[in-house]
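*Asks:* here's a sequence, model it:
(one chain, ligands or ions: 1)
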Amino acid sequence: MPDYSPLELLIRQQIAATGPMPVARYMQLCLTHPEHGYYLKRDPLGREGDFITAPEVSQMFGELIGLWAASVWSAMGAPEQVRFIELGPGRGTMMADALRAIRILPAFHEAISVHLVEASPALREKQREKLADAAEVEWYERFEDIPEGPAIVLANEFFDALPVHQAVKTETGWHERVITLDDDIFAYGVAAEPIPRFEVLLPPQARAAPVGAIFEWRPDTGIMTIARRLRDQGGAALIIDYGHIRSDAGDTFQAVARHGFANPLRRAGEADVTAHVDFEALARAAQDIGARAHGPVEQGAFLARLGIETRAQTLMKNAAEEGAQTVAAALRRLTGEGKENMGSLFKVLGISHPSIGTLAALSDHDPTGGAPRP
Ligand code: SAH
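*Replies:* Predicted coordinates:
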């Protein structure tokens, strides 16, 4: 018998008992199954781990996010108390760097209380260590559990880890893509019945897709909950992830292990499985609730507008030769073009209370200014 991971065995039993499962269900089990989920027991980040994220590339990233948050706080009218919320904080690096940068603005620093939404006990522990001297921190299972009040919400590489549904276009319409067993190994299949009226939900550019095309979507509930809170209680959110500015057909379901691509249908629970974020869908869902959307813009442009070049020069001046090279490499990784860099692959979207007309570094070319939709 091949060497199956514990989660693989469990999913095989489920498929044998109740039939093929949607890709979204498979992804959810892979990442957050309470016992064997990928995130639950390990710290996947860093050079030694499976992948590296922007805050782990350089302190510049979190510092600039901190200054971005300060400018949002001013735009909110500098409330005396603001909840500083992060979704999926990983090792807590971005929050620690942001809080350090914010110290130069005592009024904002004092207004902040830190609230983290984290599913992984292993990563909560890392966050606790990292932030021990920086702030009083509260942890939550769910965003909905955070106490009321104006908020600034951050999410870097969080939405890509939320389960994604896939539909496949066939001669008989769009069918949900499922994971099934073929000769005893996981394989893709399609649900027997087409999804009723699926075509109507698609953006026009995806309706014309050929047979065999795949369309991905995530339930809107997460973004709607965030947008509703901002609309009712004030504040803004910053969502950073790899993804596309316009909704369209395409298969981006992937697995990453040891910094390379892997087959998402093998060794369930032992690789990071993700899919690109559809930023148009996020912005539309937020606007439908009555919040304002800002951007999205590419990460490279966003960081440039926040002054990353100047920050890099300061760090380089204060560093020895080798350190200066590290800073230069980090700057390239965070802002550069191409697949090996994050500058154009990653996008940044702001969501805010409708009264906030612009958010720093996110001004966009939308003639409606991202206003809520009637
Ligand atoms: N933001 C960090 C980590 C990104 S990895 C960084 O940029 O380095 C994704 C993070 O989201 C991890 O902390 C993971 O444990 C968390 N996460 C994934 N799915 C989650 C869920 N459903 N609820 C809460 N946290 C989740």
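*Asks:* please count neighbours and contacts with C-alpha atoms only from this point.
*Replies:* Fine.
*Asks:* so how far is A135 from D184?
*Replies:* To A135, D184 is 50 Å away according to CA to CA, to the nearest Å.
*Asks:* more crowded one of those two?
*Replies:* A135 (16 against 8; other CA atoms under 10 Å).
*Asks:* so the more buried one makes contact with H115?
*Replies:* No - A135 lies out of contact with H115 (CA atoms under 8 Å); the separation is 10.1 Å.
*Asks:* A70 - that's part of a helix, no?
*Replies:* Yes - judged by DSSP: H, G, I helix; E, B strand; the rest coil, A70 forms part of a helix.
*Asks:* now it. Nearest residue, chain neighbours left out?
*Replies:* Nearest non-adjacent residue to A70, counting by CA to CA, 6 or more residues apart in numbering: F108, 6.6 Å away.
*Asks:* for that neighbour, grab the count of nearby residues.
*Replies:* Counted with other CA under 10 Å, residues neighbouring F108 total 20.
*Asks:* packing partners of the helix or strand containing it?
*Replies:* Using DSSP states H and E, F108 maps to helix 106-111. Judged by 3 or more CA pairs under 8 Å, 6 or more residues apart in numbering; DSSP states H and E, helix 106-111 is in contact with helix 93-102.
*Asks:* what are the contacting residues of the helix it packs on?
*Replies:* Helix 93-102 is contacted by residues 55-56, 59-67, 70, 86, 89, 108-109, 127, 130-131, 134 when judged by CA atoms under 8 Å, 6 or more residues apart in numbering.
*Asks:* the ligand contacts on the stretch 1-150 of the chain?
*Replies:* Y39, T53, A54, P55, G88, P89, G90, V117, E118, A119, S120 (CA under 6 Å from any ligand atom).
*Asks:* wait, what's in contact with the second one?
*Replies:* I take that to be T53. With contact set as CA under 8 Å, 6+ apart, T53 has these partners: L45, G46, E157.
*Asks:* wait, doesn't the second one sit right on E56?
*Replies:* Yes - between G46 and E56 there is a contact at 6.5 Å, judged by CA under 8 Å.
*Asks:* looking at those two, which one has more neighbours?
*Replies:* Legend: neighbour count by other CA under 10 Å for G46 and E56, higher for E56 (20 against 16).
*Asks:* in which helix or strand would I find that one?
*Replies:* helix 54-57.
*Asks:* export that helix as PDB, just CAs?
*Replies:* In PDB, the C-alpha atoms belonging to helix 54-57 read as follows (Å, rounded to 0.1, in the frame of the first residue of the first chain):
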ATOM      1  CA  ALA A  54       6.400  39.700   2.300                       C
ATOM      2  CA  PRO A  55       6.700  40.500   6.000                       C
ATOM      3  CA  GLU A  56       9.300  37.700   6.300                       C
ATOM      4  CA  VAL A  57      11.300  39.100   3.400                       C
END
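*Asks:* buried set for it?
*Replies:* For helix 54-57, the neighbour count (16 or more other CA atoms under 10 Å) marks A54, P55, E56, V57 as buried.
*Asks:* output the contacting helices and strands for that helix.
*Replies:* Where contact means 3+ CA pairs under 8 Å, 6+ apart, helix 54-57 is packed against helix 59-75, helix 93-102, helix 321-335.
*Asks:* what mean pLDDT does it have?
*Replies:* What helix 54-57 shows for mean pLDDT is 98.
*Asks:* any chance of JSON lines for the helices and strands packed on helix 54-57, columns mean neighbour count and distance to P34?
*Replies:* Shown next, in JSON lines, are the helices and strands packed on helix 54-57 (neighbours: other CA atoms under 10 Å; distance: least, CA to CA, whole Å):
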{"stretch": "helix 59-75", "mean neighbour count": "21", "distance to P34": "30"}
{"stretch": "helix 93-102", "mean neighbour count": "22", "distance to P34": "25"}
{"stretch": "helix 321-335", "mean neighbour count": "18", "distance to P34": "33"}
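*Asks:* of those helices, which is nearest G260?
*Replies:* Closest to G260 of the helices and strands packed on helix 54-57 is helix 321-335 (CA to CA; 16.4 Å).
*Asks:* I'd like the next helix or strand past the closest one.
*Replies:* Per DSSP H and E, the helix or strand that comes after helix 321-335 is strand 346-352.
*Asks:* compute the inter-axis angle for that next one and helix 59-75.
*Replies:* Computed by axes from the mean of the first three to the mean of the last three CA atoms, to 10 degrees, the angle separating strand 346-352 from helix 59-75 equals 20 degrees.
*Asks:* and strand 346-352, which residues are buried?
*Replies:* Across strand 346-352, burial judged by 16+ other CA under 10 Å covers F346, K347, V348, L349, G350, I351, S352.
*Asks:* report the two of those separated the most.
*Replies:* That would be F346 and S352, which, of the buried residues of strand 346-352, are the farthest apart (CA to CA) at 20.1 Å.
*Asks:* what about A16, neighbour count?
*Replies:* Number of residues near A16 (other CA under 10 Å) recorded here: 12.
*Asks:* and it, which of the three is it?
*Replies:* With three-state DSSP as the basis, A16 sits in helix.
*Asks:* could you pull out the strands for the stretch 51-200 of the chain?
*Replies:* 82-87, 112-117, 137-140, 151-156, 165-170, 173-182, 185-190 (DSSP state E, counting those that start in this stretch).
*Asks:* save those as TSV, and put in distance to A291, mean pLDDT and mean neighbour count too.
*Replies:* Below are the strands of the stretch 51-200 of the chain laid out as TSV (distance: least, CA to CA, whole Å; pLDDT from 0 to 100; neighbours: other CA atoms under 10 Å):
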stretch	distance to A291	mean pLDDT	mean neighbour count
strand 82-87	18	98	23
strand 112-117	22	98	21
strand 137-140	24	98	15
strand 151-156	14	98	24
strand 165-170	25	98	22
strand 173-182	30	97	20
strand 185-190	36	96	17
